[in-house]
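*Asks:* The following comprises the amino acid sequence and a computationally predicted model.
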Amino acid sequence: MDSHECAARMAGMSTESSASVCIVCLEVTEAHTEAFCNACGGVYHLNQRSDLPGKDCGEVWINEEFQALEFACNTCLHPEEAAGGLDEIIDLDEAATVSSLSQETLLLAAEQGTLRSKRLSGGVVVFERRDVVEFAARRP
Ligand SMILES: [Zn+2]
Ligand SMILES: [Zn+2]
């Protein structure tokens with residue numbers, strides 16, 4: 001019965017070290033795709049093996065001041081996307097910067113009603129930041 005006991009203990013150990021769930025996409029991570037976010041402490045996907053397939057749900061970079069690796073998940077890197085954004089009013093200029101789209105594209109979408117906007121007196125068009133981010137994300 002010694003060998004059986006040993007196998008059971010090994011099985012117990014292997015389940016302990018796996019079965020982490022990514023806080024960004026909620027899928028299970030593997031040993032080579034597991035990283036810990038320095039901001040929230042959560043586990044997220046970060047493929048650390050170029051020879052194996054894996055997804056990235058965050059980033060890692062070198063902090064030049066401390067010469068140390070820093071880890072952050074996409075939820076902490078892009079809180080405006082995860083939290084649904086702030087109800088912040090921005091003008092056309094800033095909307096173009098936020099969305100990486102041209103002002104013409106945004107104005108056209110505003111005229112067609114596919115992007116929520118408001119025309120103020122004087123002809124200035126304003127948007128909510130959240131709408132602009134969502135609009136940009138919807139585009140192919
Ligand atoms: Zn993930
Ligand atoms: Zn995080």
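*Replies:* Arrived safely, thanks for sending. Ligands and ions are numbered 1, 2, ... in the order given.
*Asks:* And what about the closest residue to A68 other than its chain neighbours, helix, strand or coil?
*Replies:* Taking C-beta to C-beta, 6 or more residues apart in numbering, and ignoring the residues beside it in sequence, A68 has I62 as its nearest neighbour in space, at 7.3 Å. For the C-beta atoms, the positions are set from N, CA and C on the backbone; glycine is no exception. Following DSSP: H, G, I helix; E, B strand; the rest coil, we place I62 in the strand state.
*Asks:* Next, count neighbours for I62.
*Replies:* I62 has 10 neighbours, counted by other C-beta atoms under 10 Å.
*Asks:* What of E88?
*Replies:* Residues lying near E88 (other C-beta under 10 Å) number 13.
*Asks:* This protein: helices as residue ranges?
*Replies:* 2-17, 74-77, 79-82, 92-99, 103-112, 129-138 (DSSP state H).
*Asks:* what sits against the closest residue to V21 other than its chain neighbours?
*Replies:* Nearest residue to V21, sequence neighbours excluded (C-beta to C-beta, 6+ apart): V28, at 5.8 Å. Counting by C-beta atoms under 8 Å, 6 or more residues apart in numbering, V28 touches S18, A19, S20, V21, C22.
*Asks:* May I see the domains of the chain written out as residue ranges?
*Replies:* Listed by automatic domain parsing, the domain ranges of the chain are 19-77, 85-138.
*Asks:* Would you format the ones you listed as TSV with mean pLDDT included?
*Replies:* Output for those, formatted as TSV (pLDDT from 0 to 100):
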stretch	mean pLDDT
domain 19-77	93
domain 85-138	90
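*Asks:* With distance to ligand 1 as added columns, please give those in CSV.
*Replies:* Putting those into CSV (distance: least, C-beta to the ion, whole Å) gives the following:
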stretch, distance to ligand 1
domain 19-77, 3
domain 85-138, 18
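*Asks:* Of those domains, which is nearest ligand 2?
*Replies:* For the domains of the chain, proximity to ligand 2 was assessed by C-beta to the ion; domain 19-77 is nearest, at 3.2 Å.
*Asks:* what about the closest one, how long is it end to end?
*Replies:* For domain 19-77, the first-to-last residue distance is 24 Å (C-alpha to C-alpha, to the nearest Å).
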